[in-house]
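Novice: please find the sequence and the predicted model below.
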Number of protein chains: 2
Amino acid sequence: MAAEVGPTVTHGGDMNTPANLMDLLEEPFPDVNTYEDFHTIDWLREKSRDTDRHRKIASKRKESFWELIKSLLDAWSGWLVMLLIGLLSGALAGVIDLAVDWMTDLKEGVCLSMPWYSHEQCCWTSNETTFEDRDKCPEWQTWAELMTGHAEGAGAYLLNYFLYVLWALFFSFLAVSLVRVFAPYACGSGIPEIKTILSGFIIRGYLGKWTLLIKTVTLVLAVSSGLSLGKEGPLVHVACCCGNLFSSLFSKYSKNEGKRREVLSAAAAAGVSVAFGAPIGGVLFSLEEVSYYFPLKTLWRSFFAALVAAFTLRSINPFGNSRLVLFYVEYHTPWYMAELVPFILLGVFGGIWGALFIRANIAWCRRRKTTRLGRYPVLEVIVVTAITAVVAFPNPYTRRSTSQLISELFNDCGVLESSRLCDYINDFNITRPVDDIPDRPAGLGVYTALWQLALALVFKIVITIFTFGMKIPSGLFIPSMAVGAIVGRIVGVGVEQMAYHHHDWIIFKSWCRLGADCVTPGLYAMVGAAACLGGVTRMTVSLVVIMFELTGGLEYIVPLMAAAVTSKWVGDAFGREGIYEAHIQLNGYPFLDVKDEFTHRTLATDVMHPRRGEAPLALLTMDSTMVEDVEELIKETDYNGFPVVVSRESERLIGFVQRKDLTLAIKNARQKQEGVVSSSVVYFTEDLPQLPPSCPQPLNLRRILNLSPFTVTDHTPMETVVDIFRKLGLRQCLVTRSGRLLGIITKKDVLRHMAQMMNQDPDSIMFN
Amino acid sequence: MAAEVGPTVTHGGDMNTPANLMDLLEEPFPDVNTYEDFHTIDWLREKSRDTDRHRKIASKRKESFWELIKSLLDAWSGWLVMLLIGLLSGALAGVIDLAVDWMTDLKEGVCLSMPWYSHEQCCWTSNETTFEDRDKCPEWQTWAELMTGHAEGAGAYLLNYFLYVLWALFFSFLAVSLVRVFAPYACGSGIPEIKTILSGFIIRGYLGKWTLLIKTVTLVLAVSSGLSLGKEGPLVHVACCCGNLFSSLFSKYSKNEGKRREVLSAAAAAGVSVAFGAPIGGVLFSLEEVSYYFPLKTLWRSFFAALVAAFTLRSINPFGNSRLVLFYVEYHTPWYMAELVPFILLGVFGGIWGALFIRANIAWCRRRKTTRLGRYPVLEVIVVTAITAVVAFPNPYTRRSTSQLISELFNDCGVLESSRLCDYINDFNITRPVDDIPDRPAGLGVYTALWQLALALVFKIVITIFTFGMKIPSGLFIPSMAVGAIVGRIVGVGVEQMAYHHHDWIIFKSWCRLGADCVTPGLYAMVGAAACLGGVTRMTVSLVVIMFELTGGLEYIVPLMAAAVTSKWVGDAFGREGIYEAHIQLNGYPFLDVKDEFTHRTLATDVMHPRRGEAPLALLTMDSTMVEDVEELIKETDYNGFPVVVSRESERLIGFVQRKDLTLAIKNARQKQEGVVSSSVVYFTEDLPQLPPSCPQPLNLRRILNLSPFTVTDHTPMETVVDIFRKLGLRQCLVTRSGRLLGIITKKDVLRHMAQMMNQDPDSIMFN
């Protein structure tokens, strides 16, 4: 396998170089073609290396039966990795779901007979079978009940309140401490970093085993602590860690950063698939939102991984309903054209809220990054948890977990629904089948619920701004959806009651007769959730597809689409970036977004280095640089590589050599090759240069010379250059004019130029 | 708008050239930047032109309110085009569905009260309300009944038979004649050509108004004639024609071949969306199978177009069931792990059948292309129709339309099912709810049906090979699905009966008790259909998603996925191409498939022209070529363009000039610019070259010079070159070595090289 590392970049080279030199240089290069931390990979080179590997295997295949088996194993390893990722991420998601359920309920009480059961599971096994008492089984006791024997009264309430806050603080303290001590990369949602990694950036350890373990554990703790955060984003991170873990088992993926990213793209799809129980939505999420390079092969494999993950999760059955999806809903009423007006208004709300949220959150995160606040992450988490828990407990809609809240808001009010949101005044004179409940006037319970929801809304809006970005695992999907669902439900009930009380108004006349079911408030909640999620993340298709998979019917795609597209447009009007892009920019990662269009009229010559007045380009000549000069160049500059020209006079480009390869090759030659001293001439040509006989033994480095560097002319418009960088995944590109080398453009230069053109601070781009 | 055409390629140019020269050259260039028929477009150039347009609009926006409105209109025109495409293609699909229904039934009889009603519609309005007599209402009369008064008997049968064949011949004769006379491009499925067009090829008229009209009409005729073909592929063509029609209304799309292709990609999605009632599947089909360049913006817009189309179709409601989908099914039994064995076997069958079908069909089409057979397309259609009709009539499963057949095969046998396939022996001692019918022994009807299905299978397999590729509109989806559905249903019934009669066998014991419902033969039919469709087209994800949208449940995704992936793997083992790629190759279109991996070890120098021994590269010099030399070069060669170098000695490249621009510029200069004669010097530099005073007025052509031609070095591996051509959509690429121009590689060269490496005939690539 060692033999595979070297020869890839220099196709021309290894056809011509004498064999003994090849061997000398090839063997001891363990680190050639790896990348340093916080650097960008070269996609073309990775691809080329993979093709080389393929060729090698294909040519060996005919040699023996064992090689044939090996080549088949190699071909199938991609699917095997997908299977493993699906199994592990599905299993982890199931475990997380179960643990979160149990620990969330632990804040309120405990199951006496089976302490490891959540409230719901506890009461399943109970003998209490009447439907109304479902939640009140004797086995389940609140802490006050258990400790004092009283379930009611102010004392019991306060005791429960106190213990609720205490548990929450304990969970969040544990979470933030674990993150601080063991895996600092486990914090946040992880999606901005994963987007950057998939675009070709190296962050070592971000997807490591420790991160996987700690993120899984702390995610459970963070969600259980009742903070305003979700598990969906972090689940994508967890799935990507699984992807990284399994890809390191196969040299095909572990030794090729490009191929590894294909696996990670698929893992991201599996993550969303288990987060929502939406495999197709997961694949589209990976395609639309996360991935950078997404060939068709990855599409198929992502789909496979997403399916396996979803079915593994279903076998674990954490929701206890044999359903894949997180919020399963079934509506029985169609929607009417006129309802598009409130749906679009919800979209407008979602867009505005999303834009405001992004601004507020980024402002707060920037403050955290730049002021002393950032030095006390544990304290910050403790304070936010305390505030959250203290404010959340009195309100039944914030006390429970956010996903339960969303689930209730999405639900249609059936006959058996015991929620307070379904406290309508029944007219028992009308008897109808179960599915077809007519619109009814709202009862007192509904109005109380609406007030509490409004308070919950304000609280969620404010606290989420401060929660997202703290040093614990925190996803944004669930809080955004909760905000949207609350607004949607309130609007929905409003429209429903208006239609009931004023069914003779012209707008309602055609579709809302008295005693008929015409408005589904749950659908409004779902549309609102889609709108807010769309406003924050700026997803459209994948969002609609995820929602479609939740309802399982094409019927409601148009309302969802209307809301999602409106919210994107409105949000884009305030600022084109979604929350993930905003966080990428905040962190200064070198991310060349596929969605940004570069429309300025600059040329390559305006962007390249050296500019007018700068020091001349650091370059090597074909056959006249000495070893010591090279060493000095390496010491004095921090460039990733150097162009090689025929001579300093003609400036005709012949290739490009990587800094790392150069360092290694010289170090290696000095150690192992006799006669190589500081004054030896380094040459990149095929034949030995003509040197005076007194010269010491020259050093041939053609082996590490990339003979096909990417060049553009100085007149190339920057939009084309940006396009080339994006599509081919280059690290750098050389600029020439009529065959003469003029300068170099790196990915960082491109990003800085783009930031400058958009009137942003170019120095915010920190990495290359 | 005329001003927009010229200046795009030469950014550098129009900053430096004197204004008067610019005006002189710019104005009368109506054809600059258009492409010739059967040529490849330059994606980078198109993109660059679009950015220029954007820039122009953005800079004008601030000038006046009217310009602001215009810029908003321009920004929204994309969505408007999508809306129009969705509406028109949905409406056309609805009309086609209704017309096909009516005309298919017309072959057998007529509705007396309402002659424009199909059999089903006729009997809806009938007073006959008993369920069993649904199909036998007095208003509907067969031709024999109408003409002789006898509905039964050998005479009536023969008369019906005769008229059935006659109608079929009439329809197909009409179809082929219309295609021959008015729109030769309306034949076939259109998908291979659309794939080629979307990859950047120009076929004028292929998506024109005439093609749209004639294809719509002849599609109805061809499907009604009872030939073994479907309407799905042609519907994609029809939708793309709609896309082309509407894109010609907006200069943004009509004047930019790249942008136009974005619209066409979305239109293809709308086409599949209405063909199956599967909008998400349609988008994925466009992404996976048809499109070449599919940015995220196109994803959103495709989704929008697909949704609008699907809802337009639903408003027309051609299937009379308020369902979007062509074959709506609902199954009530889960599937068991052990059933994966027959599902995978169905996948194997699908793969083998697909591969064999492709070989046989391509062999037959090649024969048609190369022998005298091709000269009699009308006769061919007539003969095939006659054979089809004669063989099809006696068998009830081939007499009806293929989509009705598939629908029946997919259906689960409910209590109310009157099909002969559901003729099971009922045990009336067991009373159960409607949904839960236990497995029962098959009755005589089932066995008869199986025999007839087996005969229908053989017939379909044979006749489809000869039908696909004839000079009438013909889709392959429905016949493939029919083949698979028949096999699947037969296998399904087999498994079901085995499980019923041998429920004590070990494999059945765990999941198939007596008196329980454990095998759904309809599901087998669906899996079989997916397998065969997958074998022929090699789709995977989009296929599974389309099928998922038909059933509307995630439940059956695993069986479908298993069959689709198996069939793809098995099919790929016999030959990597799907039917569409095979037809593209047969026709010699220059299609650079994204899926093909190029793994050979050749370099750019092996592919470029001129090769060793060939005439030197046709090139122009910067400031020393005379007009007459240029004219001679144009006359003597047929290259699309010429590189421009500093001098023939240094061979340093400065740019590339298009043949077409050159011809026009010289013609134009000779007419309008004084002093330009044959001996005038053509120069491409910024400043006037130093010429002896006796020289005539020189001609500045810097305006048309592309100063940023794409170059690679001669050592660049071909895999990288292929990647660059694919991702950037180049037409040609220049090859240099240390700044010297060595040669040129065109898309045709790349394709020919790839064909050669795969041991195919390189001359099969006919266009550039």
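Specialist: Thanks, I have it. Being a predicted model, the structure only gives us computed values, none of them experimental. Numbers count the residues shown, from 1 in each chain, chains lettered A, B, ... in the order given.
Novice: following the helix or strand hosting A:Gly271, which helix or strand shows up next?
Specialist: According to DSSP states H and E, A:Gly271 maps onto helix A:257-276. Remark: after helix A:257-276, the chain's next helix or strand is helix A:279-285, criterion DSSP H and E.
Novice: tell me the mean pLDDT over that following helix?
Specialist: Throughout helix A:279-285, pLDDT has a mean value of 90.
Novice: ok, now stretch A:608-615?
Specialist: 85.
Novice: and it, which residues are buried?
Specialist: For stretch A:608-615, burial by neighbour count (16 or more other CB atoms under 10 Å in any protein chain shown) applies to A:Met608, A:His609. For the C-beta atoms, the positions are set from N, CA and C on the backbone; glycine is no exception.
Novice: which residues are contacting that stretch?
Specialist: For stretch A:608-615, contacts defined as CB atoms under 8 Å, 6 or more residues apart in numbering or on different chains pick out A:Pro616, A:Leu617, A:Asp714, A:Val735, A:Leu742, A:Gly743, A:Ile744, A:Ile745, A:Thr746, A:Asp749.
Novice: for A:Val100, state which of those residues is nearest.
Specialist: Lowest distance from A:Val100 to the contacts of stretch A:608-615 (CB to CB) belongs to A:Thr746, with 44.3 Å.
Novice: quick check: the closest one vs A:Gly588, distance?
Specialist: Distance of A:Thr746 to A:Gly588, computed by CB to CB, to the nearest Å: 15 Å.
Novice: higher neighbour count, those two?
Specialist: The neighbour comparison of A:Thr746 against A:Gly588 (other CB atoms under 10 Å in any protein chain shown) goes to A:Thr746, with 22 against 15.
Novice: and the more buried one, how far is that from chain B?
Specialist: Plainly put, A:Thr746 is 19 Å away from chain B if you go by CB to the nearest CB, to the nearest Å.
Novice: ok, the closest residue to that residue other than its chain neighbours - contacts?
Specialist: Once flanking residues are discounted, A:Thr746 sits nearest to A:Gln732: 4.5 Å by CB to CB, 6 or more residues apart in numbering or on different chains. Applying CB under 8 Å, 6+ apart to A:Gln732 gives the contacts A:Asn640, A:Gly641, A:Phe656, A:Phe710, A:Ile744, A:Ile745, A:Thr746, A:Lys747.
Novice: and A:Gln732, its phi and psi?
Specialist: When read as degrees, to the nearest 10, the backbone of A:Gln732 gives phi -150, psi 170.
Novice: quick one: contacts for A:Arg737?
Specialist: Applying CB under 8 Å, 6+ apart, we find A:Arg737 in contact with A:Thr713, A:Asp714, A:His715, B:Ile654.
Novice: for it, phi and psi?
Specialist: phi -130, psi 130.
Novice: beta partners for it?
Specialist: A:Arg737 has these beta-bridge partners by DSSP bridges: A:Arg740.
Novice: show me the domain layout of chain A.
Specialist: Taking automatic domain parsing as the domain assignment, the ranges for chain A are A:78-316, A:337-415+A:453-582, A:604-764.
Novice: mind putting these into a markdown table with distance to B:Phe393?
Specialist: A markdown table is the format used below for the domains of chain A (distance: least, CB to CB, whole Å):
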| stretch | distance to B:Phe393 |
| --- | --- |
| domain A:78-316 | 42 |
| domain A:337-415+A:453-582 | 37 |
| domain A:604-764 | 56 |
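Novice: among those, which comes closest to B:Ala175?
Specialist: Among the domains of chain A, if distance is taken as CB to CB, the winner is domain A:337-415+A:453-582, at 32.9 Å.
Novice: gap between that closest one and the chain center?
Specialist: Relative to the centre of its chain, domain A:337-415+A:453-582 is centred 20 Å away, using CA atoms, centre = their mean, to the nearest Å.
Novice: now that domain: mean pLDDT?
Specialist: For domain A:337-415+A:453-582, the per-residue pLDDT averages 88.
Novice: and stretch A:143-152, by the same measure?
Specialist: 82.
Novice: what is the end-to-end distance of that stretch?
Specialist: Length of stretch A:143-152, first residue to last, CA to CA, to the nearest Å: 12 Å.
Novice: and that stretch, how far out from the chain's middle?
Specialist: Taking mean C-alpha positions (CA atoms, centre = their mean), stretch A:143-152 and its chain are 44 Å apart.
Novice: and what of stretch A:165-185?
Specialist: Relative to the chain's own centre, stretch A:165-185 is displaced by 22 Å; criterion: CA atoms, centre = their mean.
Novice: list the buried residues in that stretch.
Specialist: A:165, A:167-169, A:171-176, A:178-180, A:183, A:185.
Novice: would you map the helices across the stretch 651-768 of chain A?
Specialist: In the stretch 651-768 of chain A, the helices defined using DSSP state H, counting those that start in this stretch lie at A:659-672, A:718-728, A:747-757.
Novice: what does the stretch 201-350 of chain A give?
Specialist: So, for the stretch 201-350 of chain A - with DSSP H, counting those that start in this stretch - the helices run A:209-224, A:232-247, A:251-254, A:257-276, A:279-285, A:296-316, A:340-370.
Novice: pick the most deeply packed of these.
Specialist: Highest mean neighbour count among the helices of the stretch 201-350 of chain A (mean count of other CB atoms under 10 Å in any protein chain shown): helix A:279-285, with a mean of 31.
Novice: residues making contact with that helix?
Specialist: Residues from elsewhere that reach helix A:279-285, judged by CB under 8 Å, 6+ apart: A:268-276, A:299, A:302-303, A:306-307, A:309-310, A:539, A:541-543, A:545-549, B:280, B:541, B:545, B:548, B:554, B:557.
Novice: which residues in the stretch 501-650 of chain A form strands?
Specialist: For the stretch 501-650 of chain A, the strands defined by DSSP state E, counting those that start in this stretch cover A:620-621, A:625-626, A:641-645.
Novice: which one of these lies nearest to chain B?
Specialist: Of all these, it is strand A:641-645 that lies closest to chain B, at 8.1 Å by CB to the nearest CB.
Novice: what angle separates that closest one from helix A:659-672?
Specialist: With axes from the mean of the first three to the mean of the last three CA atoms, to 10 degrees applied, the angle from strand A:641-645 to helix A:659-672 works out at 80 degrees.
Novice: send me strand A:641-645 as PDB with only the CA atoms.
Specialist: Output of strand A:641-645 as PDB, limited to C-alpha atoms (Å, rounded to 0.1, in the frame of the first residue of the first chain):
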ATOM      1  CA  GLY A 641       4.000  25.300  -2.900                       C
ATOM      2  CA  PHE A 642       6.200  27.000  -5.400                       C
ATOM      3  CA  PRO A 643       6.000  27.300  -9.200                       C
ATOM      4  CA  VAL A 644       9.000  26.000 -11.200                       C
ATOM      5  CA  VAL A 645      10.000  27.900 -14.300                       C
END
